[in-house]
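J.: sequence first, then the predicted structure:
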Amino acid sequence: MDRTGSGSPSEPPGPDVSGRAGALTFRRWHLVFVGLVIVVVAVSSLLLAQRVPAVPQPVEFNHQKHTEQLGLNCEFCHKYVTAGAHAGLPDVRTCSMCHSRRQGTSEEAARVTELIEQGDSLRFNKLFRLPDHVFYTHRRHVGIAELECQNCHGAIASTKRPPKRALVNVTMDFCMDCHREQGATLDCNACHR
Ligand code: HEC
Ligand code: HEC
Ligand code: HEC
Ligand code: HEC
Ligand code: HEC
């Protein structure tokens, strides 16, 4: 009876109370719904982040050992990096030059020799990848403009095992920012053919 007293006098007490209860349950369901959406979005983006970009490799290759310790230059394995559009990834023939015999003492190096003996092709998978509608060439950037690999690939030469995803997110803005800085082309048709 107290409640009816506190209600507005112009409205009948009954419907007023049930109206408030209705608004309350609606708000509660609304909150539950928003919560569910947040959970679904969080879980699926977590799954996506784990699934899509992880690039598998046949061997735990160690850039640091081969570049900084053994002094091999990039072109030794990425043969077309100054003259071609694609830099190219090494295959079993390059690795066999040294690993047809055992090198070093690590288990992974021993496994490389075993794989070679078994006739494995050691097919490495691309990490950095542009969509098909984008035109890009290493010749222009490395051969002619003499840009350091690190500009676009980050510190991959110092990695001790293959990165699961690209170390630099190469977006259109990434290309455009440097082109603007260096006075290179901003013409859509130069990159989209
Ligand atoms: C201006 C940016 C830029 C520079 C500088 C650059 N790269 Fe790249 N690189 C890329 C992009 C972008 C891709 C992906 C190309 C694609 O998917 O078509 C790539 C791909 C690669 C690949 C994968 C195989 C391929 O060619 O698709 C290798 C290996 C590579 N780069 C090595 C190098 C090395 C070694 C250097 C330095 C000597 C270098 N890159 C310098 C941007 C660059
Ligand atoms: C010029 C000779 C040479 C070439 C070419 C070469 N390697 Fe090696 N690699 C070595 C030597 C030497 C070691 C041992 C270094 C040490 O343990 O200090 C080694 C070590 C390794 C290891 C062990 C790394 C670690 O963390 O212990 C792996 C894996 C490996 N190489 C894979 C490859 C693959 C794959 C290729 C081809 C893409 C290749 N190597 C090409 C000489 C070479
Ligand atoms: C002995 C061979 C060897 C040498 C020397 C070497 N690489 Fe690589 N590189 C590889 C292999 C094998 C992979 C694939 C596995 C990995 O990512 O570690 C690779 C992958 C890469 C990629 C990723 C390309 C992609 O798939 O998108 C880049 C970028 C790269 N190397 C840059 C360099 C640079 C820069 C140097 C010189 C400082 C260098 N590499 C020297 C063997 C080599
Ligand atoms: C670190 C700086 C830098 C980055 C990053 C970069 N570029 Fe360039 N790009 C240059 C320079 C400098 C030139 C001019 C080279 C020359 O002298 O011919 C150039 C030239 C080009 C050309 C030739 C343009 C013409 O005149 O026909 C194309 C195409 C191109 N870049 C595409 C790309 C794409 C695609 C990306 C991103 C994946 C990219 N570039 C990222 C510096 C960069
Ligand atoms: C220097 C090279 C470069 C130039 C110039 C350039 N683009 Fe791009 N564009 C790219 C790259 C690289 C991608 C792919 C980005 C990715 O995969 O995230 C891209 C992607 C796109 C996409 C696909 C949507 C997206 O974001 O992936 C559209 C649309 C596009 N560009 C339109 C344009 C237009 C319009 C212009 C002219 C104003 C232009 N681009 C100029 C490099 C360039």
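T.: All right, it came through fine. Ligands and ions are numbered 1, 2, ... in the order given.

J.: doesn't Ser96 belong to a helix?
T.: Yes: secondary structure of Ser96 (DSSP: H, G, I helix; E, B strand; the rest coil): part of a helix.

J.: mind checking how far Glu108 is from Arg27?
T.: 58 Å (C-beta to C-beta, to the nearest Å). For the C-beta atoms, the positions are set from N, CA and C on the backbone; glycine is no exception.

J.: and if you look at Asp132?
T.: 49 Å.

J.: next one: Asn169
T.: 40 Å.

J.: how's this structure carved up into domains?
T.: By the assignment in automatic domain parsing, the chain contains the domains 2-51, 63-89+124-191.

J.: ranking those domains by burial, who's on top?
T.: When neighbours are counted by mean count of other C-beta atoms under 10 Å, the highest per-stretch mean among the domains of the chain falls to domain 63-89+124-191, a mean of 14.

J.: and it, end to end?
T.: Domain 63-89+124-191 has an end-to-end distance of 30 Å (criterion: C-alpha to C-alpha, to the nearest Å).

J.: ok, it near ligand 2 or not?
T.: Yes: counting by C-beta under 6 Å from any ligand atom, ligand 2 is contacted by domain 63-89+124-191 at Lys65, His66, Leu70, Leu72, Cys77.

J.: so which of the residues you listed are in helices?
T.: Here DSSP state H is the test, and the residues of domain 63-89+124-191 next to ligand 2 give Cys77 as lying in helices.

J.: nearest to ligand 5 among the residues of domain 63-89+124-191 next to ligand 2?
T.: The nearest member of these to ligand 5, counting by C-beta to the nearest ligand atom, is Cys77 at 24.6 Å.

J.: and the closest one, how far is that from ligand 1?
T.: Separation of Cys77 from ligand 1 (C-beta to the nearest ligand atom, to the nearest Å) stands at 8 Å.

J.: my guess is that residue contacts Pro90. True?
T.: Yes: the criterion here is C-beta atoms under 8 Å, and Cys77 meets it with Pro90 at 4.0 Å.

J.: hang on, the earlier thing: least confident of the domains of the chain, on average?
T.: Among the domains of the chain, domain 2-51 carries the lowest mean pLDDT, at a mean of 57.

J.: up against ligand 3, what does the protein have?
T.: Counting by C-beta under 6 Å from any ligand atom, the chain sits next to ligand 3 at 57, 61, 63, 66-67, 72, 74, 76-78, 89-90, 124, 126-128, 149, 153, 156-157, 162.

J.: again, 8 Å this time
T.: 55, 57, 59, 61-63, 66-67, 70, 72-74, 76-78, 87, 89-90, 94-95, 122, 124-129, 149-150, 152-153, 156-157, 159, 161-163, 166 (C-beta under 8 Å from any ligand atom).

J.: show me where this structure has helices.
T.: 2-6, 13-51, 63-64, 74-77, 92-99, 107-117, 138, 150-153, 172-182, 188-191.

J.: who's in contact with Thr112?
T.: Heads up, residue 112 is Val, not Thr. Residues near Val112 by C-beta atoms under 8 Å, 6 or more residues apart in numbering: Val59, Cys95, His99, Gln103, Leu122.
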